[in-house]
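# From the sequence below, what's the structure:
(2 chains)
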Amino acid sequence: MIDGVSFPRIIGMLVFTVALSALAAVFDDWPRYSRIPDGMAVLKFSFTHGSDRSSLCKRRSREELQKLPPNKRVPLDCPRERPPVVTELEVNGEQLFFKSLPPSGIAKDGPSRLYERFLVPAGDHTITARMRDTPREEGFDYESTRRVTLVPGQNLSIDFRHETGGFVMN
Amino acid sequence: MEAVISSLRSGLRRIFESAEGLLDKIFGPKLNPFGQLGAIGYFLYWIVAASGIYLFAVYDTGLENTYESIEWYTYDHWYHAGVMRSLHRYASDLMVVMMLVHLAREFALDRYRGVRWFSWFTGIPVIWMVYISGITGYWLIWDKLAQYVAVTSTELLDWLPIFGEPIARNYLSGGVLSSRFFTLLIFLHVAVPLILLFIMWVHIQRISRPKVNPPRLLAGVIVVGLVIVSLWQPALSQGPADLTQEPSPVGLDWFYLPLYPLADSNPGLVWLFLAVATLLIGLMPWLPPLKKPKPAAVDLAHCNGCGRCVDDCPYEALILAPRSDDLPYSHEVAVNASKCVSCGICMGACPSSTPFRRTAELATGIDIPDLPLTEVRGRVQEVAETLTGAPRVLVIACTHSAGARHDGAVLALPCVAMAPPPLIDYVLSRDLADGVVVAGCAERSCHNRLGVDWTKQRIAGERDPYLRKRVPRERLLTVWASPTEGRVFRRELADFVDRLKALPADDGSGTRMPPAPSSAGAAEEKAL
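The predicted structure follows:
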C-alpha cells in the first residue's frame, strides 16, 4: 500500500499512464506528412527590391525654382512614390508567374516584395526570371535564364540581388 | 444556438461521465485524473521546465552545432540527457491533451458562465502560449521537422499584412541564417513559457484552494510512466535541416502542429479558424442563456464574523471586513458579488443556519436570496409530507448529482454542502423521515469544487459546523454519483432501505423530538 492505495491499483494506474504516454509518443511523429507530392520539386521565387524612381524626376524651370524658398531650390523634382516592380517567371518557355508588385509603405516609397512557391516536376528545366523596375511600359530591365536539373524534393530559390546585377538561383 | 450548445454540452457530458467512471475503477475517485486535470497540467509544466533547463545546459546555439549537440546528447548520453529530451517532448504533448480535455470538461459541466467567466477567459491566452512555446521549441532542434516548422510558421505569419520583409525569406537559402537567430529563438522559447506560467497563475486567481499539485502518488505514477516511455520510445531528430531540400515527408507532432498541413495550402483559412475559435471561446461565458443568480446576502444581525463561510467558499467570494454595526464583534462577512456563484456552501457553513431556530422568519448569518434557509426548511417539510410507506427516505441532493433525478422525495439544492448539518438532524429528530440520503456529485467532479469534501468532513466531525453526534449514523447515507451514475445511486439507496427496514421502529437513541410546528405555530411558540 502507498498512501492507502493497493499495489494492484498502482500497477493499473501505471499501465494506463504508460499507455497514454505511449500514445503521445506515437502521435508525436506519426502519421508522416508530405508537403509536396512525390517526384516534384519546389521553386521559391522571392525578392525585395525597390524600383528606380529617378526617371520620374523632372527638372524645375528657373521660374519654379524662384518660387521655392532658397534652401529648397533643388533642380530635380522627384516624386516620393516608387513605380511598381513588374516580374515574370517562365519555366520551359511557359509563363508560370507574372505580377506587378506595388511598392510597400503608406507613402508607397518602400521596396516591392515577393515570396511565392511553385511546384514543378523533377527533371530538366529552363528557367527564366525577368524584372522591370523602371516606369517603362514594355520590356524588362533584368533577365536571367538557367538550365537546371531538379531532383525530387529539391528547393531552388530564385532571389534578386541588385548589387550583383540581377537574379541569383541557388 | 442555445439548443445547439445545450445538446453539445449534454452529449459531451455523457462521454466524460462514461470515461470518468472507467477511470474511477482504475484510479479510484480521489486519484481520478479527470478530477485533477488542472493540477496535472501544472505538474506537466514543471516536468517540461525542469527537463528544459537540463537540456539547455548541453544545447549549443550555434547554427552549425545545434543539430550535432542534440544528436550527441540523444545518443551518447541517452541515459540522462536523452531521457530528459523525451520527457520534455512527451510531457509537452500530454500538457496539450490535459489542457484541451480540461477545456472541454469545464464546458460539459457548464462551469464557465456567469461569474466563472474569469477562469474560462484567462484560459484562452494559456492555450495560445502553450502552442507558441511548443512550436518555438521544435524550431530549436534544426532538423527536417524544425525546417518544416520554421518555413511554414513564417509563411503563415507572412500572410498577415503586418510584417515588412517576408520573414520566410530567412529560409530561402542556407547563407541567410546566422547563429544569432538561434539565440533569439532560445530567448523566445524561455520567455514565452515564463509568460505562460504567469497567465496560469492569473488563471486560478478567482478560486480558493486551487489544485496546482496532483496527489503525490498520482504525480509519481505520471513521472514513472513518462520515463518508461522515454526509454522505450525515445524522441529522435529527423535528420539535419537542409534548405536546398524540401523536408518531405516529415513526422509531425500532431498535438502541436495539427493545423500546419492546412497552413501549407491555405494560411488564410488557418487564421480565420484561429480568430473565430478564439472569439467564440472568449464569448461563450456571455452567450445566452445568461446565468445570473442573486449572490449570497449577509444578515449582520445573525453574523458574528466567525469566518467559517469565508473558509468554505470555493470561489474567494467572501472576505472578513471590519465590523460596520454596533454589535460587539471585530469582523463581519462581505460578499464580492462578481465572484459569487450562489452555490450556498456559505449558508451550509454558517453556525446560524439551523432549522431548529424558533423564529417566525427563519434567518441566518449568510443566505441565498433565491433559496433562503427558511424556504429550504419549508421545502423539507413539504417533501417529508409526501413520504408514504416505510421506511420513509428523504433525499437531500445536489442538482448536479444522480440523487436529484430520483423519483422519490428529493430536496434539490445548488450544492449538497448548502445543506447545513443541523438540517439532517432536524429531519431525523423531528421524525420527518426514517432515513436521510445526502446525494452529491461524483467525488472527482464536484460541480462547486469543494462541496463534496466539506460535506464529508462536516458529517465526519472534522469541519465546522459538525453533524451532531446524536444523529443516528445508521439512518444516514451519503452517495457521490454523477447524473449518469443513476444505477449507483439506486443500488445504494436500495441497500440503505433494506438496512432501515432491519432497524427497530424506535432505535432507542432518544433523539426523536416532536414534529416541528408550522410557521404560524413557530411564531406562537416563540411568543410563549
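
# could you check whether stretch A:75-93 is close to chain B?
No. Looking at stretch A:75-93 against chain B by Cβ under 8 Å from any Cβ of the partner chain, there are no contacts, and the closest approach is 14.3 Å. Backbone N, C-alpha and C define where each C-beta goes, glycine included.

# How much space separates residue A:125 from residue B:247?
22 Å (Cβ to Cβ, to the nearest Å).

# next one: residue B:113
Separation of residue B:113 from residue B:247 (Cβ to Cβ) stands at 44 Å.

# Same check on residue A:37?
Distance from residue A:37 to residue B:247, by Cβ to Cβ: 15 Å.

# about what we covered before: between residue B:113 and residue B:247, tell me which one has more neighbours.
Higher neighbour count among residue B:113 and residue B:247: residue B:247, with 27 against 19, using other Cβ atoms under 10 Å in any protein chain shown.

# Not counting its neighbours along the chain, what's nearest the residue in the stretch 1-150 of chain B positioned nearest to chain A?
Among the residues of the stretch 1-150 of chain B, residue B:93 lies nearest to chain A; the distance is 4.0 Å by Cβ to the nearest Cβ. Once flanking residues are discounted, residue B:93 sits nearest to residue A:24: 4.0 Å by Cβ to Cβ, 6 or more residues apart in numbering or on different chains.

# what's next to whichever helix or strand the one you found is part of, contact-wise?
Element membership of residue A:24, judged by DSSP states H and E, is helix A:7-26. Under the contact criterion Cβ atoms under 8 Å, 6 or more residues apart in numbering or on different chains, helix A:7-26 has outside partners A:1-2, A:5, B:23, B:26-28, B:31, B:86, B:90, B:93-94, B:97, B:217-218, B:221-222, B:224-226, B:228-229, B:232-233, B:235, B:255.

# got the contact list for the closest residue in space to residue A:101 that isn't next to it in sequence?
Closest residue in space to residue A:101, ignoring its immediate chain neighbours: residue A:112 at 3.8 Å, by Cβ to Cβ, 6+ apart. Residue A:112 is in contact with A:48, A:49, A:50, A:51, A:82, A:84, A:85, A:101, A:102, A:103, A:104, counting by Cβ under 8 Å, 6+ apart.

# which ones among those are found in strands?
Secondary structure from DSSP state E places A:48, A:49, A:85, A:101 of the contacts of residue A:112 in strands.

# Quick check: of those residues, which lies closest to residue B:315?
Using Cβ to Cβ, the shortest approach to residue B:315 within the ones in strands among the contacts of residue A:112 belongs to residue A:48, at 54.3 Å.

# Give me the neighbour count for the residue nearest to residue B:93.
Per other Cβ under 10 Å, the neighbour tally for residue A:24 reads 24.

# Could you do residue B:345 as well?
Residue B:345: 31 neighbours (other Cβ under 10 Å).

# cool, residue B:8 as well?
Residue B:8, neighbours per other Cβ under 10 Å, totals 12.

# buried subset of the ones in strands among the contacts of residue A:112?
A:48, A:49, A:85, A:101 (16 or more other Cβ atoms under 10 Å in any protein chain shown).

# now those as a markdown table including pLDDT?
As requested, these are exported to a markdown table (pLDDT from 0 to 100):
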| residue | pLDDT |
| --- | --- |
| A:48 | 95 |
| A:49 | 96 |
| A:85 | 96 |
| A:101 | 96 |
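
# and which of these is nearest residue A:94?
Once Cβ to Cβ is applied, the member of these that ends up nearest residue A:94 is residue A:101, at 20.8 Å.

# Tell me where chain A has strands.
Under DSSP E, chain A gives strands at A:32-33, A:40-49, A:58-59, A:76-77, A:85-91, A:94-101, A:112-121, A:123-132, A:142-150, A:155-161, A:166-169.

# right, and these - which one's nearest residue B:132?
Closest approach to residue B:132 among those (Cβ to Cβ): strand A:32-33, 20.8 Å.

# I'd like to know how far residue B:419 sits from residue B:460.
Counting by Cβ to Cβ, the gap from residue B:419 to residue B:460 is 15 Å.

# same deal with residue B:133?
Residue B:133 is 43 Å from residue B:460, by Cβ to Cβ.

# And residue B:24, by the same measure?
21 Å.

# Please identify which of these two sits among more neighbours.
Taking other Cβ under 10 Å, residue B:24 and residue B:460 do not tie; residue B:24 has more neighbours (21 against 11).

# Tell me how many other residues crowd residue B:128.
So residue B:128, with other Cβ under 10 Å, has 15 neighbours.

# What residue, apart from its backbone neighbours, is nearest it spatially?
If the residues on either side of it in the chain are set aside, residue B:128 comes closest to residue B:278, at 7.8 Å by Cβ to Cβ, 6+ apart.

# Could you say which helix or strand holds the nearest residue to residue B:205 once chain neighbours are set aside?
With Cβ to Cβ, 6+ apart as the criterion, residue B:205 has its nearest non-adjacent residue at 7.5 Å, and that residue is residue B:118. In this assignment (DSSP H and E), residue B:118 forms part of helix B:117-141.

# now for that helix, which elements pack on it?
helix B:66-71, helix B:83-108, helix B:144-159, helix B:179-203, helix B:267-283 (3 or more Cβ pairs under 8 Å, 6 or more residues apart in numbering or on different chains; DSSP states H and E).

# What is the distance between that helix and the centre of its chain?
Offset of helix B:117-141 from its chain centre (Cα atoms, centre = their mean, to the nearest Å): 19 Å.

# Going by neighbour count, which residues of it are buried?
Of the residues in helix B:117-141, B:117-127, B:129-141 count as buried by neighbour count, 16+ other Cβ under 10 Å.

# contact partners of stretch B:322-339?
B:115, B:206, B:295-298, B:300-301, B:303-305, B:307, B:309-310, B:315-321, B:346, B:365-366.

# Apply 6 Å and report the result again.
Contact with stretch B:322-339 is made by B:115, B:206, B:295-296, B:298, B:300, B:303-305, B:309, B:315, B:317-321, B:366, as judged by Cβ atoms under 6 Å, 6 or more residues apart in numbering or on different chains.

# Can you tell me which of the residues you listed are classed as buried?
B:115, B:206, B:295-296, B:298, B:300, B:303-305, B:309, B:315, B:317-318, B:320, B:366.

# Who does residue A:166 form a beta bridge with?
Beta bridges link residue A:166 to residue A:161, judged by DSSP bridges.

# Residue B:310 contacts residue B:317, doesn't it?
No. Residue B:310 lies out of contact with residue B:317 (Cβ atoms under 6 Å); the separation is 9.3 Å.

# contacting residues around residue B:218?
Counting by Cβ under 6 Å, 6+ apart, residue B:218 has contacts residue B:31.

# list the buried ones in the helix or strand it falls within?
Assigned by DSSP H and E, residue B:218 belongs to helix B:216-232. By 16+ other Cβ under 10 Å, the buried positions in helix B:216-232 come out as B:217, B:218, B:219, B:220, B:221, B:222, B:224, B:225, B:226, B:227, B:229, B:230.

# for stretch B:492-503, same thing?
B:492, B:493, B:496, B:497, B:500.

# And the most centrally placed residue in chain A, how far from residue B:115?
The residue lying closest to the centre of chain A (Cα atoms, centre = their mean) is residue A:115, at 1.7 Å. Distance, residue A:115 to residue B:115, using Cβ to Cβ: 48 Å.

# And residue B:320, by the same measure?
20 Å.

# Likewise for residue B:198?
According to Cβ to Cβ, residue B:198 stands 23 Å off from residue B:115.

# go on, residue A:33?
Remark: distance between residue A:33 and residue B:115 (Cβ to Cβ) = 43 Å.

# residues contacting the residue nearest to residue B:117 when sequence neighbours are not counted?
Closest residue to residue B:117 apart from its sequence neighbours, by Cβ to Cβ, 6+ apart: residue B:285 at 3.6 Å. By Cβ under 6 Å, 6+ apart, residue B:285 lies in contact with B:112, B:113, B:117, B:120.

# so which two of those are the farthest from each other?
B:113 and B:120 (8.1 Å).
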